[in-house]
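Student: Mind folding the following:
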Amino acid sequence: MAIRAHSLFLVWHIVQCAGNQCSDSMGTCSNPPRASLMQTKSMKKQALSAVESASTRTQTLAGYTEYVNSLVETYKKGGQPIEKDSDIDQAITTIISYINSMYADLLEWHKNDVEETVSCATAEVIRVCTEKNLDTETLAEFESEILKVDGFRQSHKECRENCNEDRCGGDVTSNCKDYHHYRKTNDDALYTAQVACANSPTPPGHLSDDYIGTNDDDKREDMESCLQNAKDWLDPLYELYSKCNDDITECPGCQSDCDKLQADFENAHCQHDIFREGHCTGFDTCYKQKKLDCDPICARIETRSNARRADNETGEIIKCLLNVLKSENESKADELEKCNTISVNTSFWNIDCTDYDAPDVPPHGHACGDVDQPCQDPFLNLEYKIGLGLDKYEEYSYEGSYNMIGPCTSCNGPTYVWNASEHDPRNIPGENN
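Tutor: As a prediction, this is how the structure comes out:
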């Protein structure tokens, strides 16, 4: 009877400590009891939250385990069956009630942790960072910029294709050079100087309809004299022009034209690269930071989850032992042994917060793929060597050569100043309108 009284006092002491939320150690309840264990379900949420501290809850369960083990040892030594409504029977009911109440609290805390992990899920992190940096509007702007770059690329390509040795080299090049040189530098090629009579007394002067169709001999003589001047002006100019095979491309200046278009293309490419890189880097930074922020969160959740799993297992073993002790089965020894070896499925408490298979940085589509920038060897090879069959620029070999590109303008170097609206190939008057 003395053992029973001591055991009941131990449970009462544990019950009072749990109700008063005492320290983790046994025998530290010096304050008057404020709530019995049977009242734990009705305790305020704030009071219940204090039990969420794993050490306090685990120490409480350890005290219960110690008490239950003492009951089991007493029974094994020949103790009497537990009488219904006895102090020990009521204490057992109290402990089981506490454990059941503890499960309700564990479930609530488990749900809270599960909700907290939502923001750390890889899919959610990708969604948030995409919304901030690569939303639909931004991707549409990507596509618009790509089309603009393609327009500049095509304009440059067409210029280089027309500025080539087959078209501008050999005799044709010489003839065209003579033609363009004559019309630009020789006074004999100037219409207003050589055919001044056409402007007298007012344009078209002596070559007007009035003079050409006149019956007046003086006017006719003025017209015919002026007509000879016009022939003297036109014949040499037309002869040089015809030897140029009606090629209206001014080959001596086509390189500079193409160089400008090349600069337009490279600058458009750089501007797109800068815009794209800003948004893609923003996504990567966002993703990495959120994953970094989740590491301590997931570590704390894992610790709490493991504690709940252990407390669940301990609680089930305690309940098993107490239920066997309270049962009317006279052969309890085997059942008690089974309680200590039962397998409790605690997988419910597992929480997947840390995604160990998550990539360091997830792929985010073609818009953020690696893009070689102007003047880098991969860019020169792809755009000019493969795309146009042209070699890299060499300063002392470029003039008069049609097998290489002009000076390249990098994104980090001096850039050709251009107005995107004025130079956008899609804005050429009369085209695509």
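
Student: got a list of what Pro236 touches?
Tutor: Going by C-beta atoms under 8 Å, 6 or more residues apart in numbering, Pro236 touches Tyr182, Asp188, Ala189. (C-beta placed from N, C-alpha, C; glycine too.)

Student: now, which of those residues lie within helices?
Tutor: Tyr182 (DSSP state H).

Student: and which of the contacts of Pro236 is nearest Cys270?
Tutor: Tyr182 (41.4 Å; C-beta to C-beta).

Student: Quick check, the closest one in contact with Tyr238.
Tutor: No. The criterion here is C-beta atoms under 8 Å, and Tyr182 misses it with Tyr238 at 10.9 Å.

Student: So which of these two has more stuff around it?
Tutor: Comparing Tyr182 with Tyr238 by neighbour count (other C-beta atoms under 10 Å), the higher total belongs to Tyr182, at 16 against 12.

Student: Quick one: name whatever helix or strand follows the biggest helix by length in the chain.
Tutor: Longest helix in the chain by number of residues (criterion: DSSP H): helix 251-326. Using DSSP states H and E, the helix or strand that follows helix 251-326 towards the C-terminus is helix 333-339.

Student: Just the buried residues of that next one, please?
Tutor: For helix 333-339, burial by neighbour count (16 or more other C-beta atoms under 10 Å) applies to Leu336, Cys339.

Student: could I get that helix in CSV with only the CA atoms?
Tutor: C-alpha atoms of helix 333-339 as CSV (Å, rounded to 0.1, in the frame of the first residue of the first chain):
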residue,chain,number,x,y,z
ALA,A,333,3.2,-10.1,-18.5
ASP,A,334,3.4,-11.0,-22.2
GLU,A,335,1.2,-8.1,-23.2
LEU,A,336,3.4,-5.7,-21.1
GLU,A,337,6.5,-7.0,-22.9
LYS,A,338,4.9,-6.4,-26.3
CYS,A,339,4.2,-2.8,-25.4
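
Student: roughly how far is it from the heart of the chain?
Tutor: Mean-position distance between helix 333-339 and its chain equals 58 Å (C-alpha atoms, centre = their mean, to the nearest Å).

Student: Give me the average confidence score over it.
Tutor: Averaging pLDDT along helix 333-339 yields 86.

Student: and what of stretch 101-116?
Tutor: Across stretch 101-116, pLDDT averages out at 92.

Student: ok, now stretch 273-288?
Tutor: According to the model, stretch 273-288 has a mean pLDDT of 89.

Student: Over to stretch 242-256?
Tutor: Mean pLDDT, stretch 242-256: 66.

Student: buried sites along stretch 281-294?
Tutor: Going by 16+ other C-beta under 10 Å, stretch 281-294 has these buried residues: Phe283, Asp284, Cys286, Tyr287, Lys290, Lys291, Cys294.

Student: got these as TSV, with distance to Ser401 columns?
Tutor: Below are the buried residues of stretch 281-294 laid out as TSV (distance: C-beta to C-beta, whole Å):
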residue	distance to Ser401
Phe283	44
Asp284	43
Cys286	48
Tyr287	48
Lys290	54
Lys291	53
Cys294	58
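
Student: So, low pLDDT: which residues of the stretch 1-150 of the chain?
Tutor: 1-55, 79 (pLDDT under 70).

Student: helices or strands up against the longest helix of the chain?
Tutor: Judged by 3 or more C-beta pairs under 8 Å, 6 or more residues apart in numbering; DSSP states H and E, the packing partners of helix 251-326 are helix 54-76, helix 87-117, helix 122-133, helix 136-162, helix 165-168, helix 170-185, helix 333-339, helix 420-423.

Student: and the angle for it with helix 136-162?
Tutor: Here helix 251-326 runs at an angle of 150 degrees relative to helix 136-162 (axes from the mean of the first three to the mean of the last three C-alpha atoms, to 10 degrees).

Student: starting at the chain centroid, how far to helix 251-326?
Tutor: For helix 251-326, the distance to the chain centre is 9 Å (C-alpha atoms, centre = their mean).

Student: ditto for stretch 119-133
Tutor: So, by C-alpha atoms, centre = their mean, the centroid of stretch 119-133 is 9 Å from its chain's centroid.

Student: repeat for stretch 83-98
Tutor: Here stretch 83-98 is found 60 Å from its chain centre; the criterion is C-alpha atoms, centre = their mean.

Student: Out of the buried residues of stretch 281-294, flag the one nearest to Asp222.
Tutor: Phe283 (80.2 Å).
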